[in-house]
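Participant: Kindly generate the corresponding structure for this input.
(chains A, B, C and D)
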4 protein chains.
Amino acid sequence: MNSDRLEAFSDGVFAVGITLLALGLAVARPGHGSLAYQLSGQWPSFAAYAVSFLTIGIIWVNHHTLFKNFARIDRPLLFLNLLLLFFVVSIPFATSTLAAYLKTGGFDASVAAAIYQGVFEGMSLSFGILFWWSIRHEHLKIALTPAAARSAMIRFGIGNVAYIAAIGVAFLSARASLAISALVAVYYIFEQTPARGPAPAVHGEPGNPRSPGEES
Amino acid sequence: MNSDRLEAFSDGVFAVGITLLALGLAVARPGHGSLAYQLSGQWPSFAAYAVSFLTIGIIWVNHHTLFKNFARIDRPLLFLNLLLLFFVVSIPFATSTLAAYLKTGGFDASVAAAIYQGVFEGMSLSFGILFWWSIRHEHLKIALTPAAARSAMIRFGIGNVAYIAAIGVAFLSARASLAISALVAVYYIFEQTPARGPAPAVHGEPGNPRSPGEES
Amino acid sequence: MNSDRLEAFSDGVFAVGITLLALGLAVARPGHGSLAYQLSGQWPSFAAYAVSFLTIGIIWVNHHTLFKNFARIDRPLLFLNLLLLFFVVSIPFATSTLAAYLKTGGFDASVAAAIYQGVFEGMSLSFGILFWWSIRHEHLKIALTPAAARSAMIRFGIGNVAYIAAIGVAFLSARASLAISALVAVYYIFEQTPARGPAPAVHGEPGNPRSPGEES
Amino acid sequence: MNSDRLEAFSDGVFAVGITLLALGLAVARPGHGSLAYQLSGQWPSFAAYAVSFLTIGIIWVNHHTLFKNFARIDRPLLFLNLLLLFFVVSIPFATSTLAAYLKTGGFDASVAAAIYQGVFEGMSLSFGILFWWSIRHEHLKIALTPAAARSAMIRFGIGNVAYIAAIGVAFLSARASLAISALVAVYYIFEQTPARGPAPAVHGEPGNPRSPGEES
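Facilitator: Numbers count the residues shown, from 1 in each chain, chains lettered A, B, ... in the order given. All right, here's what the predicted structure looks like:
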C-alpha cells in the first residue's frame, strides 16, 4: 500500500472526527431557561471543543508532515496508524464527557479530565511510536541525521510528558488540566514535527527537491 | 504540504458538515400530533437548513477556486485554513440552535440568530484573511493585478458587511436576519471569487493555460 | 474546477449520507420489551434503510458514470450538482421519518411516504437536469449520438415517472409506495446510465479508448 | 470506472463508519451516579467498540490489498462492493445494540450478539464473494496461481466459519461470542489477504514490479 491511500483514509477519519466534535454542542430545546443563560453555562463545552478541534487539527498537520516523507508503508505501520486513529476517533467521546462533567467539579470532573488527557496521551504516544518505527526501519525517503532524530524524539517527548502531567493534574484541578492541553496545542502550532528539517542538506535527493522557501 | 492534501481534508470537513446539517431535521415519533402539522411547524428548521446548505456549498466552491491557484501552502496558511474549518464545523450547531429558537421569538430568537450570523461572519472573515495572506505573500500561481485584488477585497467585504449587519438586525428581527444570509448566499452564487479573473492576460502562463471558455 | 475535485467532494457527501442512514436504526435501551420483539416491530426501518442504501448506491454509480465523461465543469454544473447533493443529504431525514410513521398507517404514513418519494424525485430530477445540461452545452468528452441522448432521456424519464407515481400511490398505500421505490432501485441496477453507450463508435477517440470488454 | 474512484468512496464509508462507532460511547449527564461507576458499568460498550474498530480497520486494510490488484471494475463488482459496504455501515448499529444488551444477559443478550456476528459474517461473506468473483473473471492485474487461490479461499473460509460459529455460540454465551470475534480480528492482523502473495514469481510483470522487501 502506498502512502496516498493511507493518508486518504486517515484524512477521512480526521475530518469526520473533527466535525463530530461539534455534535456535542447542542443546547436544550426552548423551555429550559433563556438561551443566553444556557450558553454561558456551557462554557466548558466550548472550551473543550476548541482545545479538541485544535489538537486534532495539529495532529492532522503533523501526520501529513510525517507521511509525505514515507517511502513505503508496511503492515506494522498500517496497524500503528490504526492505533493512532483509534485515539483520534475517541476524542469526541472524551470531549463530550469532559464538557458534561467539568462544571460538576469534584472527583467526577477529575475522572472526566483524566480520560480526556489519557486519550490525548494515547494519541501522542502512538504518534511517537509511528515516528520511532519509521526512522528505525528506514522507511523515510529523506533520512534524518541522528541529531535531527534525537531532537525530534525530544519534541515528541515534551508533548507526552505534558499530557501525562495533565492526567495527574486532573485530580487536583480539572480546569487546570484542560488549560495544560490548551497550552500543548499552542506549543505545537509553533513547533513543527521534525521529519522535514535538516535532512535535505545531508542527502540532497535531486528527485525530491525542496526549494529553500518551502516552509511546510 | 501541497494543495491537494489540504483540499482533500477540507473537502472531507465540508462534506461531513453539509451532511450533518440534515441531522437537525428530525420530527418527533408518532403521538406528538399529525406529521403534516409537525412539519409545517418546523419551517424554521427547513429554512435554516436550506440557507446553511447553500452557504457551505458556496464556500466550498470558492475554497477550491482559491486553492487551485495556490502555488504552495505554508504553515500559517494551514492554520488559517483550520480557522476557516472551525467555523464551517460550527455551522450545524448554529443551524440547529436557530431552528429550535426561531419560532419562540423574543430575545432568545435574536441570540440564536446572532450566533448563526456570527459563525457565518467568522467563516467569511477567515476566508478573507486567507485570501489577503495569499496575495500578500505571493503564494498564487497566477498573480492578481492590483485592480483585481482590490475588486476581490471589495467583494469579500460585501459579504462581511452583510453578515455584520445581519448580527445587528438579529436583535430587531431574527427572521429578517435569516433572510439577509439567504440573500448573501444568492449573491455569491452569481459573484465568483476573484482569484481567477483578469490575471491570465497579465502573466499568460503557457504551462497553465485557460481556454477563454473556461468559466470556473 | 476539474471533475476530480467535484467527484471527491460528492463522494464524501454520498459516503457520509449512506452511513448516516444507519443512525436511524437504533433500538430502545433494555426495559422496553424483548429485543427480538422490538426488532421485528422495526421492519419498516430496515426496509426503508435497505431501499435508501441501494438508491444512494445507484445514484453514486451513475454519478461517476456520468462525470467521468465530463470534459469540464462550469459554474452552473457546480450548482446543479449541489442541488443533487441537497436531495442526497435529505435522504437520511426522509428515511427515518418514513421508518417512524410507516407502521402508524393512515394519513401520517402517507405524508411520510410522499416526502420520501418526493426527495427521491428531487434527486432524480436534478440528475436528469445535470445530464440534459451536459449534452446541451457540449461538456461531454465523448458526445452522444442524438439517438443515444434520446434513449438516455427516456431511461431517466422512467425513474422520474415512477417516483411521481409513487408520490401519488403514497396516499393510497404507504407500503405500496415503498415497494415502488424498491423496484426502481432494482431496475437501475440493471439499467446503466447512457453516457457511455454507443458514442465511441461515432467519435472513436484514440486518446480515450474503451476496450470492448469494459462494462462500466 | 477505475479502481481509484471506488476505493475513494469505500474509504469514505469506512472512515465514517469507524468514526460513528464512537458515538455509541456516550455517558449519561451528571446526576446518574458517579462517572467512574458509570464507566466501569459500560465495559461492554468499550469491548464491543474496540472489537468493531479493529474489525473495520482490518477489512479496510484487506480491501485495499485486494483492490490495488484489480485491473478493472465492472458493474457486478461495483454492486458486490456496495453489498460489502452495506454490512460495514450496519456495524455501528450492531455494536451499539450489543453494547446496550450485553449486560442484561439472557435471550436478549444472545439476540444482540447473534446480530453482531451476523453483520460480521455478512461482511466477511461479501468480501469472499468479491474475491472469488475477481479471480474467476480474471480481473486481477497479477493472477493468482491455483494453489495461492486455494489457500486464499481457505483463509477467508476460516473467518467465515468462525463468525458462523460465533452466531451459534451467542445463544450459549453472548460474552464468549464477543471473544470469538476479538480472536478473529487478532488472527487477521497477522494473516494477510492472499491477493499479493506468490503470484509475482509466476507472472513477473515488469510494469508493476514488487521489490522483495515490500510487505504490504
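Participant: For chain B, what's its nearest residue on chain A.
Facilitator: As assessed by C-beta to the nearest C-beta, chain B sits closest to A:Ala15 within chain A, at 2.9 Å. For the C-beta atoms, the positions are set from N, CA and C on the backbone; glycine is no exception.
Participant: Nearest residue to A:Gln42 in space, please, no chain neighbours.
Facilitator: Spatially, and ignoring its direct neighbours in sequence, A:Gln42 is nearest to A:Val27 (7.1 Å; C-beta to C-beta, 6 or more residues apart in numbering or on different chains).
Participant: Could you pull up the residues touching the residue nearest the centre of chain A?
Facilitator: Taking C-alpha atoms, centre = their mean, the centroid of chain A lies closest to A:Ile59, which sits 3.8 Å from it. Applying C-beta atoms under 8 Å, 6 or more residues apart in numbering or on different chains to A:Ile59 gives the contacts A:Phe14, A:Leu84, A:Val88, A:Met123, A:Phe127.
Participant: Tell me how far the residue of chain A closest to chain B lies from C:Pro92.
Facilitator: Separation of A:Ala15 from C:Pro92 (C-beta to C-beta, to the nearest Å): 18 Å.
Participant: Of the two, which one has the most company?
Facilitator: Between A:Ala15 and C:Pro92, counting by other C-beta atoms under 10 Å in any protein chain shown, A:Ala15 is the more crowded of the two (30 against 27).
Participant: now stretch A:166-175: mean pLDDT?
Facilitator: What stretch A:166-175 shows for mean pLDDT is 95.
Participant: Can you get me the start-to-end distance on that stretch?
Facilitator: End-to-end span of stretch A:166-175 (C-alpha to C-alpha, to the nearest Å): 10 Å.
Participant: returning to that earlier point: average pLDDT across the helix or strand hosting the residue nearest to the centre of chain A?
Facilitator: Under the criterion of DSSP states H and E, A:Ile59 resides in helix A:43-67. In this model, helix A:43-67 has an average pLDDT of 90.
Participant: Distance from it to the middle of the chain?
Facilitator: A distance of 6 Å separates the C-alpha centroid of helix A:43-67 from that of its chain, computed with C-alpha atoms, centre = their mean, to the nearest Å.
Participant: Show me which residues of that helix are buried.
Facilitator: For helix A:43-67, a neighbour-count test (16 or more other C-beta atoms under 10 Å in any protein chain shown) marks A:44-45, A:47-49, A:51-67 as buried.
Participant: Can stretch A:73-91 be said to contact chain D?
Facilitator: Yes: interface with chain D: stretch A:73-91 contributes A:Ile73, A:Asp74, A:Arg75, A:Leu78, A:Phe79, A:Leu82, A:Leu85, A:Phe86, A:Val89, A:Ser90 (C-beta under 8 Å from any C-beta of the partner chain).
Participant: quick one: average pLDDT of that stretch?
Facilitator: Averaging pLDDT along stretch A:73-91 gives 91.
Participant: Over to stretch A:181-200?
Facilitator: Mean pLDDT, stretch A:181-200: 69.
Participant: ok, the residue nearest to A:Gln42 - contacts?
Facilitator: Neighbouring residues of A:Val27 by C-beta under 8 Å, 6+ apart: A:Leu35, A:Gln38, A:Leu39, A:Gln42, B:Thr97, B:Ala100.
Participant: Buried ones from the residues you listed, can you make that a ChimeraX selection?
Facilitator: Command for ChimeraX, covering only those of the contacts of A:Val27 found buried under the criterion 16+ other C-beta under 10 Å:
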select /A:35,39,42 /B:97,100
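Participant: Need the max-distance pair from the contacts of A:Val27.
Facilitator: A:Gln42 and B:Ala100 (14.3 Å; C-beta to C-beta).
Participant: Near chain C, which residues of chain A are found?
Facilitator: Residues of chain A found near chain C (C-beta under 8 Å from any C-beta) are A:Gly12, A:Ala15, A:Val16.
Participant: Against B:Asn81, how distant is the residue nearest to the second one when sequence neighbours are not counted?
Facilitator: Nearest residue to A:Ala15 in three dimensions, chain neighbours excluded: B:Gly12, at 2.9 Å (C-beta to C-beta, 6+ apart). Taking C-beta to C-beta as the measure, B:Gly12 falls 13 Å from B:Asn81.
Participant: who's more crowded, the two?
Facilitator: The residue with more neighbours, out of B:Gly12 and B:Asn81, is B:Gly12; 29 against 23, by other C-beta under 10 Å.
Participant: list the contacts for the more buried one?
Facilitator: Shown in contact with B:Gly12 (C-beta under 8 Å, 6+ apart): A:Asp11, A:Gly12, A:Phe14, A:Ala15, A:Val16, C:Gly12, D:Gly12, D:Ala15.
Participant: and the third one, what is it in contact with?
Facilitator: Read that as A:Phe14. Counting by C-beta under 8 Å, 6+ apart, A:Phe14 makes contact with A:Ile56, A:Ile59, A:Trp60, A:His63, A:Val88, B:Phe9, B:Gly12.
Participant: Follow the chain on from the strand or helix carrying it and name the next helix or strand.
Facilitator: Using DSSP H and E, A:Phe14 maps to helix A:3-20. The helix or strand immediately downstream of helix A:3-20 is helix A:35-41, counting by DSSP H and E.
Participant: In terms of secondary structure, what does that next one contact?
Facilitator: Contact analysis of helix A:35-41 by 3 or more C-beta pairs under 8 Å, 6 or more residues apart in numbering or on different chains; DSSP states H and E lists helix B:106-136 as its packing neighbours.
Participant: list the helices and strands the helix or strand just after the helix it packs on packs on?
Facilitator: Next helix or strand after helix B:106-136 toward the C-terminus (DSSP H and E): helix B:146-170. In terms of contacts (3+ C-beta pairs under 8 Å, 6+ apart), helix B:146-170 is packed against helix B:106-136, helix B:174-190.
Participant: re earlier: what residues sit buried inside the helix holding A:Phe14?
Facilitator: Within helix A:3-20, the residues scored as buried using 16+ other C-beta under 10 Å are A:3, A:5-20.
Participant: How about the residues of chain A by chain B?
Facilitator: Residues of chain A lying close to chain B by C-beta under 8 Å from any C-beta are A:7-8, A:11-12, A:14-16, A:18-23, A:25-27, A:29-30, A:34-36, A:39, A:50, A:53-54, A:57, A:60-61, A:64-65, A:68, A:189, A:192, A:213-216.
Participant: Does A:Tyr187 touch A:Arg155 like I think?
Facilitator: No: checked against C-beta atoms under 8 Å, the pair A:Tyr187 and A:Arg155 is beyond contact range at 9.3 Å.
Participant: Tell me which of those two has more neighbours.
Facilitator: More neighbours surround A:Arg155 than the other of A:Tyr187 and A:Arg155, with 18 against 14 (other C-beta under 10 Å).
Participant: how much space between A:Val161 and A:Val169?
Facilitator: From A:Val161 over to A:Val169 the distance is 12 Å, taken as C-beta to C-beta.
Participant: more crowded one of those two?
Facilitator: Neighbours were counted for A:Val161 and for A:Val169 using other C-beta under 10 Å; A:Val169 has more, 21 against 13.
Participant: before we move on, back to that, mind listing what's buried along the following helix or strand past the helix holding A:Ile59?
Facilitator: Remark: after helix A:43-67, the chain's next helix or strand is helix A:75-101, criterion DSSP H and E. By neighbour count with 16+ other C-beta under 10 Å, helix A:75-101 contains the buried residues A:76-78, A:80-101.
Participant: Which residue, other than its chain neighbours, is closest to A:Thr104?
Facilitator: Closest residue to A:Thr104 apart from its sequence neighbours, by C-beta to C-beta, 6+ apart: D:Pro30 at 4.7 Å.
Participant: A:Glu7 too?
Facilitator: Nearest in space to A:Glu7, with sequence neighbours left out and distances taken as C-beta to C-beta, 6+ apart, is A:Phe67 at 5.5 Å.
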